[in-house]
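**Q** pasting the sequence and the predicted coordinates here, then a few questions.
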Amino acid sequence: MSDPASTGNAAFVQAAADVKNLSYKPNNDELLKLYALFKQGIVGDNDTPRPGMFDLQGRAKHDAWTALKGTSKEAAQQQYIDLVKSLQSKA
C-alpha cells in the first residue's frame, strides 16, 4: 500500500510525482525525511519490526518513519508537500 492516489489528496499525489523530477539531488537527511513523511502519509504509524543491525539503510529508514509516530496522515502529507516545494526551490 504505497500508492499516493489512494489518499485522495491531489496535492500529495502531485508532490509524489514532482519529487521524481527534481533537478536538485536531495542529501541523505532530506531523502530520509521524504521517505518517512511519505510512509506516514500513506500508512500511518510504523508498526513493523526494526531491521537487523547489519541493515544500516533499513534501520535509518525505519527510525526516521518511527520518529513521526503520532503524526496524522494529513499532517504528514502536508509536510511532504511543503518539503517537496522547498526542494524544488533549491534548484
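**A** It's in.
**Q** so who does the closest residue to residue 4 other than its chain neighbours touch?
**A** With CB to CB, 6 or more residues apart in numbering as the criterion, residue 4 has its nearest non-adjacent residue at 4.0 Å, and that residue is residue 16. Heads up, the C-betas are built off the backbone N, CA and C, glycines and all. The neighbourhood of residue 16, defined by CB atoms under 8 Å, 6 or more residues apart in numbering, consists of 4, 38, 80.
**Q** got it, and residue 65?
**A** Taking CB under 8 Å, 6+ apart as the criterion, residue 65 is in contact with 35, 36, 39, 40, 46.
**Q** and the lengthiest helix in the chain, what's buried?
**A** Ranked by residue count and defined by DSSP state H, the top helix of the chain is helix 73-89. With burial defined by 16 or more other CB atoms under 10 Å, the residues of helix 73-89 counted as buried are 73, 76, 77, 78, 79, 80, 81, 83, 84, 87.
**Q** ok, now stretch 42-58?
**A** 42, 46.
**Q** any residues touching that stretch, and which ones?
**A** 1-4, 6-7, 39-40, 59, 62-63, 65-66, 68-70, 73.
**Q** mind checking the end-to-end distance for it?
**A** 18 Å (CA to CA, to the nearest Å).
**Q** and the average pLDDT for it is what?
**A** Predicted confidence along stretch 42-58 averages 96 (mean pLDDT).
**Q** which residues in this protein form helices?
**A** With DSSP H, the ranges of helices along the chain come out as 10-18, 28-42, 56-66, 73-89.
**Q** distance between the second one and the chain's centre?
**A** Read it as helix 28-42. Averaged C-alpha coordinates place helix 28-42 at 2 Å from its chain's average position (CA atoms, centre = their mean, to the nearest Å).
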